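> here you go, sequence then predicted model.
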Amino acid sequence: MNRYKLSPRASRDLDRFKNYLLREARPEVALSELDKLEDAFGKLSEMPGMGSRREHLTAGLDVRFWSVSPYVVVYRDRKPLEIVRVFHERQNIADHLERVLRELGV
């Protein structure tokens with residue numbers, strides 16, 4: 001059984017980061033960053049209460065945020081854990097999050 005699953009949006013986020021890193025950095029840097037995120041996903045699935053709710057962004061919706069610098073993982077505590085989105089910390093999360101949560105029916 002999978003410990004976590006990626007939403008289609010989170011999967012596209014990771015592809016976008018990977019493509020950027022492969023263009024702008026060495027392949028080993030891209031792989032290291034993706035491994036760091038995958039490790040964080042596994043850790044979250046083992047201890048899903050980690051992170052913060054950031055209710056000012058979600059209006060009390062059932063998602064949490066976990067920082068994996070320079071990324072922010074947005075997830076839902078489900079079986080399996082659902083990775084909703086992955087943002088770079090420089091992105092304006094509020095601009096993207098409302099629409100995404102509505103699409104997911106969170």
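Sure, I can see it.

> ok, longest helix in this protein?
Looking across the chain with DSSP state H, the single longest helix is helix 27-46.

> what comes into contact with that helix?
Applying CB atoms under 8 Å, 6 or more residues apart in numbering, the external contacts of helix 27-46 come out as 3-4, 14, 17-18, 21-22, 50-51, 66, 68, 71, 73, 75, 80-81, 83, 86. For every residue, glycine as well, the C-beta is placed using N, CA and C.

> swap in stretch 63-72?
Outside of stretch 63-72, the residues within contact range by CB under 8 Å, 6+ apart are 17, 36-37, 40, 44, 48-54, 57, 73-77, 84, 86-90, 93, 101, 106.

> show me which residues of it are buried.
In terms of neighbour count (16 or more other CB atoms under 10 Å), stretch 63-72 has its buried residues at V63, R64, F65, W66, V68, Y71, V72.

> try stretch 6-25
Buried, per 16+ other CB under 10 Å, within stretch 6-25: L6, S7, R9, A10, D13, L14, F17, K18, L21.

> now the element after the lowest-mean-pLDDT helix or strand in the chain, going C-ward?
Between all helices and strands in the chain, the lowest mean by mean pLDDT, DSSP states H and E belongs to helix 55-58, at a mean of 65. Using DSSP states H and E, the helix or strand that follows helix 55-58 towards the C-terminus is strand 64-68.

> got the angle for that following strand vs helix 27-46?
Per axes from the mean of the first three to the mean of the last three CA atoms, to 10 degrees, the angle that strand 64-68 makes with helix 27-46 is 140 degrees.

> tabulate the CA atom coordinates of the longest helix of the chain in PDB.
The C-alpha coordinates for helix 27-46 follow below in PDB (Å, rounded to 0.1, in the frame of the first residue of the first chain):
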ATOM      1  CA  PRO A  27      21.400  16.800 -12.800                       C
ATOM      2  CA  GLU A  28      22.700  15.700  -9.400                       C
ATOM      3  CA  VAL A  29      21.200  18.900  -7.900                       C
ATOM      4  CA  ALA A  30      17.800  18.200  -9.500                       C
ATOM      5  CA  LEU A  31      17.900  14.600  -8.200                       C
ATOM      6  CA  SER A  32      18.900  15.700  -4.700                       C
ATOM      7  CA  GLU A  33      16.100  18.200  -4.500                       C
ATOM      8  CA  LEU A  34      13.500  15.700  -5.700                       C
ATOM      9  CA  ASP A  35      14.800  13.100  -3.200                       C
ATOM     10  CA  LYS A  36      14.500  15.700  -0.400                       C
ATOM     11  CA  LEU A  37      10.900  16.200  -1.300                       C
ATOM     12  CA  GLU A  38      10.100  12.400  -1.600                       C
ATOM     13  CA  ASP A  39      11.800  11.900   1.800                       C
ATOM     14  CA  ALA A  40       9.500  14.700   3.200                       C
ATOM     15  CA  PHE A  41       6.400  13.000   1.700                       C
ATOM     16  CA  GLY A  42       7.400   9.700   3.400                       C
ATOM     17  CA  LYS A  43       8.000  11.500   6.700                       C
ATOM     18  CA  LEU A  44       4.600  13.200   6.500                       C
ATOM     19  CA  SER A  45       2.900   9.900   5.800                       C
ATOM     20  CA  GLU A  46       4.400   8.500   9.000                       C
END
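
> cool, thanks, signing off.
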